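**Q** Fold the following.
(chains A and B)
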Protein chains: 2
Amino acid sequence: MQLPTFADVEKAHRLIAQQIHRTPILTSESINQILGGQFFFKCENFQKVGAFKFRGASNAVLNLSKADALKGVATHSSGNHAAALALAARMRGIAAHVVMPSNSPEIKKKAVAGYGAIITFCEPSLEARESTLRDVISRTGATEIHPYHNFHVIAGQGTAAKELMEDSPALDVLLCPVGGGGLLAGTALSVKYLSPFTQVIACEPAGADDAFRSFYGNQLFPSIQPKTIADGLLTSLGEMNFQIMKEKVDAVVTVPETAIVEAMRLIWERMKIVVEPSSAVPLAAVLEGKVEVKGKKVGIIVSGGNVDLGKLPF
Amino acid sequence: MQLPTFADVEKAHRLIAQQIHRTPILTSESINQILGGQFFFKCENFQKVGAFKFRGASNAVLNLSKADALKGVATHSSGNHAAALALAARMRGIAAHVVMPSNSPEIKKKAVAGYGAIITFCEPSLEARESTLRDVISRTGATEIHPYHNFHVIAGQGTAAKELMEDSPALDVLLCPVGGGGLLAGTALSVKYLSPFTQVIACEPAGADDAFRSFYGNQLFPSIQPKTIADGLLTSLGEMNFQIMKEKVDAVVTVPETAIVEAMRLIWERMKIVVEPSSAVPLAAVLEGKVEVKGKKVGIIVSGGNVDLGKLPF
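**A** Coordinates of the predicted model:
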């Protein structure tokens, strides 16, 4: 299993630079005052399709050979990756086949359809998603682009942290949410290359703590009936992602649901930006005292902003 | 009655530049596609205290003589102006006395208290607010800073549009919400000086249409039992504001409540920013077809982002 390195993140960045947003880094005096650290929020909620996923999807699509590209790409996803892949495919002029669970949030279904994907709905189980995807691929010859267990996807996601390190002062700590581990693995590659002494801490909902168990148990444990409002973090950690994580990540911390909602509210109220629950998990770790931030410069990757406004937890 | 001119906006800008944020101008490809214009959103929701009001309050406080400043400032306000005045006063090291209706949104009460104002609560009627304020002023000798019928406040509010005109390409139209008319009057001063052919259109909830009636009736009519979700626009148009408006504003359009909520949702979902209902009124006018935007460059002043997350209309 070949793992990407920072050189692959750099290659990815050159390849996708023309079609991604270099998202802003926001700061908030009031959040700094409340929490006692100096925070730098890398706002991927302002990325195209509203999430960092567009970086990895773009890199995967742009790395396809012409012959493979002609047959299109395919994935099963609960939302952000699907929207990202659909848009990246459309920008290259190829087809995107998306298998989605029928219970996905409305806003994500609309987004995926809006970006021109060919959607096949299935039951909301991993088995149904995988078997439906196999059918689609055998029928079309499309290349599967896995949401996180994928060389080019990981390299692409690493470009967000690369930009953050380039555009902010030297950080003491970088906090990153972890679900499948695509963002985390890419982030760790960038941070540990560009600033080896910056701590990388993965932040995870206690209700979906497979990365925590895997990291400290030193073997890959899957998620079992995960339950969290952070719907982007329900998936199980991928194998490639785990390998990179073991080598490059300093710690994993978990947070309760109440802290996620409180952190989300803090970000919305004080920073006036819309972020999805998954993006609030790192700040929740700070609220819970799981990360020491006093007097430190703390980077946070805000993963996305796709929430169903009809179903807010406030 | 001496009215401010663009020269006063320029003076204000020099005076307050050190303590305000030069807020970003955001664009959204998806909103442009949906509505057919090219939109430039001047994001005063990212201003200090979360609203443009900090500009005018800062200018008023910084224009006080030393002797007057020592006695403090006072106002009655439903929220954003009060928070703004409190912070501006604190930054000059003087007292801010705020008379607030007891039914103001929680988030606004907390904000005003958090900025160190001395709050006196009163009944939610204009009479109670005015008489309570008179008491406070006679006791303290504080200078009243009216939220919009005030020379320096209007000049300060005009700096937002000044920045928008300086930082964006030439605009065909500028849309501005109108309540008391402080933002509108200041905006009109800046736009008509810097770009006389840019249309300035005031946007108002149909449920609080005193500016519409006053503008087309050519005399100042007060709000009578106004009712709208856009709680920043409930106040009656001020006299100075009306005079400037008559001279510099091209049109006033009104919008129904449903369109305000729809526009607010569009901004939250597509731009991933938190804006208050008042800020959505201009885009509501576009959704309603009250403003022709096809192929035009359209500036919108996003007035603020202070909403009670527990009481969203979605």
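**Q** Am I right that A:Phe197 sits in a helix?
**A** No - membership of A:Phe197 in a helix is not supported by DSSP: H, G, I helix; E, B strand; the rest coil, which gives coil.
**Q** roughly how far apart are it and chain B?
**A** 32 Å (C-beta to the nearest C-beta, to the nearest Å). Quick note: C-beta positions are derived from backbone N, CA and C, even for glycine.
**Q** residues near that residue, how many?
**A** By the criterion of other C-beta atoms under 10 Å in any protein chain shown, A:Phe197 has 9 neighbours.
**Q** and the gap between it and B:Met1?
**A** 63 Å (C-beta to C-beta, to the nearest Å).
**Q** repeat for A:Ala67
**A** Here A:Ala67 is placed at a distance of 76 Å from B:Met1 (C-beta to C-beta).
**Q** now do A:Glu127
**A** A:Glu127 is 75 Å from B:Met1, by C-beta to C-beta.
**Q** And for A:Met91?
**A** Counting by C-beta to C-beta, the separation of A:Met91 from B:Met1 is 57 Å.
**Q** Neighbour count: the two, which is higher?
**A** A side-by-side neighbour count of A:Met91 and B:Met1, using other C-beta under 10 Å, places A:Met91 first with 16 against 7.
**Q** per-residue confidence at the more buried one?
**A** Reported pLDDT at A:Met91 in the predicted model: 97.
**Q** Likewise for the one 10 residues further on?
**A** A:Pro101 carries a pLDDT value of 86.
**Q** so what's A:Gln225 up against?
**A** Applying C-beta atoms under 8 Å, 6 or more residues apart in numbering or on different chains to A:Gln225 gives no contacts.
**Q** Next up, phi/psi of the residue nearest to A:Glu44 when sequence neighbours are not counted, please.
**A** Nearest residue to A:Glu44, sequence neighbours excluded (C-beta to C-beta, 6 or more residues apart in numbering or on different chains): A:Phe52, at 3.9 Å. A:Phe52 adopts backbone torsions of phi -60, psi -20, taken as degrees, to the nearest 10.
**Q** residues near A:Phe52, how many?
**A** Quick note: A:Phe52 (other C-beta under 10 Å) scores 34 neighbours.
**Q** Do I have it right that it meets A:Leu183?
**A** Yes - using C-beta atoms under 8 Å, A:Phe52 is in contact with A:Leu183, at 5.8 Å.
**Q** Need the overlap of contacts for these two.
**A** Common contacts of A:Phe52 and A:Leu183 (C-beta under 8 Å, 6+ apart): A:Gln157, A:Ala160, A:Ile301, A:Ser303.
**Q** Okay, the closest residue to the last one other than its chain neighbours and B:Gln243: tell me how far apart.
**A** Which is A:Ser303. Using C-beta to C-beta, 6+ apart and skipping residues adjacent in sequence, the residue nearest A:Ser303 is A:Ser279, 4.7 Å away. From A:Ser279 across to B:Gln243, the span is 47 Å (C-beta to C-beta).
**Q** what about these two, which has more around it?
**A** It is A:Ser279, of A:Ser279 and B:Gln243, that has more neighbours when counted by other C-beta under 10 Å, with 31 against 15.
**Q** quick one: the closest residue to chain B within the stretch 1-150 of chain A and A:Ile201, what's the gap?
**A** Nearest residue of the stretch 1-150 of chain A to chain B: A:Asn45, at 4.5 Å (C-beta to the nearest C-beta). Between A:Asn45 and A:Ile201 the computed distance is 20 Å (C-beta to C-beta).
**Q** Just want to know which of those two has more residues nearby.
**A** More neighbours surround A:Asn45 than the other of A:Asn45 and A:Ile201, with 26 against 20 (other C-beta under 10 Å).
**Q** so that one touches A:Val302, yeah?
**A** Yes - contact criterion C-beta under 8 Å: A:Asn45 and A:Val302 qualify, at 5.5 Å.
**Q** Common neighbours of these two, please.
**A** Residues touching both A:Asn45 and A:Val302 (C-beta under 8 Å, 6+ apart) are A:Ile273, A:Val275, A:Ser279.
**Q** Please, where are all the strands along the stretch 151-300 of chain A?
**A** Counting by DSSP state E, counting those that start in this stretch, the stretch 151-300 of chain A has these strands, from start to end: A:173-177, A:199-205, A:251-255, A:297-302.
**Q** Compile those strands into a markdown table and extend it with columns for mean pLDDT and distance to A:Arg134.
**A** What follows is the strands of the stretch 151-300 of chain A, written out as a markdown table (pLDDT from 0 to 100; distance: least, C-beta to C-beta, whole Å):
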| stretch | mean pLDDT | distance to A:Arg134 |
| --- | --- | --- |
| strand A:173-177 | 98 | 29 |
| strand A:199-205 | 98 | 29 |
| strand A:251-255 | 98 | 32 |
| strand A:297-302 | 98 | 32 |
